[in-house]
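Participant: need a structure here:
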Amino acid sequence: MPEGMSGMDLAERLLAAKPELRIIFASGYSVEDLDPNFLREGHADFLQKPYTHITLPKAVRDCLDKPHGPARIQ
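Facilitator: Modelled structure (predicted):
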C-alpha cells in the first residue's frame, strides 16, 4: 500500500472510479476495524485471516456471484 493509505482509502477511491467493482477485505484483525456502513451497504465483503486454499476461492466466487447488496462476513 502506498504510504499513508489504508485499504479502506484504496477501496473508496477505486469504487469512485468503478462503482461495479467487487472488493474483499482480508484481515487478521477484527471486522470491526472497518467502516461498518461500507460493509453494510454492500460495497465489500470480509474474509478473516488465516484463510485456506478452500475458503479463499469460495469467498471470491461468492463475491463475484452475489448481486450488489449487503456484504458477507466469512
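
Participant: CA only for contacts and neighbour counts going forward, please
Facilitator: Fine.

Participant: In PDB, please show the C-alpha coordinates belonging to the helix or strand bottoming out on mean pLDDT in the chain.
Facilitator: Taking mean pLDDT, DSSP states H and E as the measure, helix 36-40 is the helix or strand of the chain with the lowest mean score, a mean of 80. C-alpha atoms of helix 36-40 as PDB (Å, rounded to 0.1, in the frame of the first residue of the first chain):
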ATOM      1  CA  PRO A  36     -19.400  -0.900   9.200                       C
ATOM      2  CA  ASN A  37     -21.500   1.300   6.900                       C
ATOM      3  CA  PHE A  38     -19.200   0.500   3.900                       C
ATOM      4  CA  LEU A  39     -19.700  -3.200   4.500                       C
ATOM      5  CA  ARG A  40     -23.400  -3.000   5.400                       C
END
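
Participant: List the buried residues in that helix.
Facilitator: F38, L39 (16 or more other Cα atoms under 10 Å).

Participant: cool, and stretch 50-59?
Facilitator: Those would be L56, A59, for stretch 50-59 by 16+ other Cα under 10 Å.

Participant: who touches the residue nearest in space to the middle of the chain in this structure?
Facilitator: The chain has I24 as the residue nearest its centroid, 2.7 Å off, counting by Cα atoms, centre = their mean. By Cα atoms under 8 Å, 6 or more residues apart in numbering, I24 lies in contact with A44, D45, F46, L47, V60, C63.

Participant: Is there a neighbour count for the closest residue to it other than its chain neighbours? I'd like the number.
Facilitator: Leaving aside its sequence neighbours, I24 sits nearest to D45 (Cα to Cα, 6 or more residues apart in numbering; 4.7 Å). For D45, the count of nearby residues is 23 (other Cα atoms under 10 Å).
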